[in-house]
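Engineer: heads up, no residue letters with this:
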Ligand SMILES: [Zn+2]
């Protein structure tokens, strides 16, 4: 597969990361940041039934890739509005997990940032049919199967269950810039 150096246009027979043999520019391959949220209602968490690859038909935590310059908390708010119609309120940072995303070739490394959230909207989510074919609220003692993104979702859900049981504290939203824009 040939790619072109974006600096000098030379053909380079190599996937990122590489250094252009012509102009010596480095082309890096950095992890992709993602933002998502565990949305709670009555002690249960919202999971979506994924209707796209990878992990079609598996349970999905709503969220997605950060856009350029977008804070991951804003990504979570934006993606969840697009996917569910909910205007969520973020309660705190649940944690960060690294994973491999097999929807790209070669698989990209992702840095997945999850928040705990609630929705003041009430009612059931209005799903985007391009992304999800169903939804369900799961209690902390329920098995969630089949689960998407098994490289990190089980750990994220365990962290949520630990918060529910009071065995783990949430990290308060730490980012002054984010807080200034939302409060
Ligand atoms: Zn070059």
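Structural biologist: Happy to help now that I have it. A quick note: this is a predicted structure, and the numbers were derived from the prediction, not measured.

Engineer: Check the offset of the longest strand that the chain contains from the chain's centre.
Structural biologist: If you go by DSSP state E, the chain has its longest strand at strand 89-101. Between the centre of strand 89-101 and the centre of its chain there are 7 Å (CA atoms, centre = their mean, to the nearest Å).

Engineer: What of stretch 12-26?
Structural biologist: 30 Å.

Engineer: sec struct for the residue of the chain most remote from its centre, please.
Structural biologist: Within the chain, residue 22 marks the point farthest from the mean C-alpha position, 37.0 Å out by CA atoms, centre = their mean. Recorded secondary structure, residue 22: coil (DSSP: H, G, I helix; E, B strand; the rest coil).

Engineer: Please list all residues in contact with it.
Structural biologist: 5, 8, 10, 12 (CB atoms under 8 Å, 6 or more residues apart in numbering). Quick note: C-beta positions are derived from backbone N, CA and C, even for glycine.

Engineer: Which pLDDT value belongs to it?
Structural biologist: Looking at residue 22, its pLDDT stands at 94.

Engineer: so the residue lying closest to residue 91 once chain neighbours are set aside is in which element?
Structural biologist: Spatial nearest neighbour of residue 91, excluding adjacent residues (CB to CB, 6 or more residues apart in numbering): residue 116 at 4.6 Å. According to DSSP states H and E, residue 116 maps onto strand 108-118.

Engineer: What residues of the helix or strand following that strand count as buried?
Structural biologist: Beyond strand 108-118 on the C-terminal side, the first helix or strand identified by DSSP H and E is strand 132-138. Residues 132, 135, 137 are the ones in strand 132-138 that count as buried (16 or more other CB atoms under 10 Å).
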